[in-house]
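A.B. asks: All I have is the shape, not the residue letters:
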């Protein structure tokens, strides 16, 4: 991850746009890059970052392009906290709070 002026940058790729003209599918692209198909899919979905093997593979699959044509930097997206809470989680919290309330009331009465 690069840092520019205090902002974190992540490396992104253009190979998915370029592969449409050169490869029939992502499996064929993965074979040309000498990486697994799952790595291709995970990078494409943003579930995996681009590593050295991916960069070398991209250069193998697209030797006619320069690295700055295949890759670029973008500001890292801010991570928002997860707000959604499941019904089961709410139930557990409610039960826990009730048990603590009963314990607190019992302690107050006995004290």
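C.D. replies: Good, I have the coordinates. This one's a predicted model, so the numbers in the text were calculated from it and none came from an experiment.
A.B. asks: give me the low-pLDDT residue ranges for this structure?
C.D. replies: By pLDDT under 70, the low-scoring segments of the chain are 1-6, 79-93, 95-111.
A.B. asks: any chance you could map the helices in it?
C.D. replies: With DSSP state H as the criterion, the chain has helices at 15-22, 26-33, 37-45, 52-61, 67-70, 87-110.
A.B. asks: which residues are contacting stretch 56-75?
C.D. replies: 2, 4, 7-15, 18-19, 22-23, 29, 32-35, 50, 55 (C-beta atoms under 8 Å, 6 or more residues apart in numbering). Any C-beta I mention is one placed from the backbone N, CA and C, and that applies to glycine too.
A.B. asks: Repeat the analysis, applying 6 Å as the threshold.
C.D. replies: Residues outside stretch 56-75 that contact it (C-beta atoms under 6 Å, 6 or more residues apart in numbering) are 2, 7, 9-15, 32-35.
A.B. asks: Mind listing what's buried along that stretch?
C.D. replies: Using 16 or more other C-beta atoms under 10 Å as the test for burial, stretch 56-75 gives 57, 58, 59, 61, 62, 70, 71.
A.B. asks: just those residues now: which is nearest residue 44?
C.D. replies: Distances from residue 44 to those, taken as C-beta to C-beta, are shortest for residue 58 (12.4 Å).
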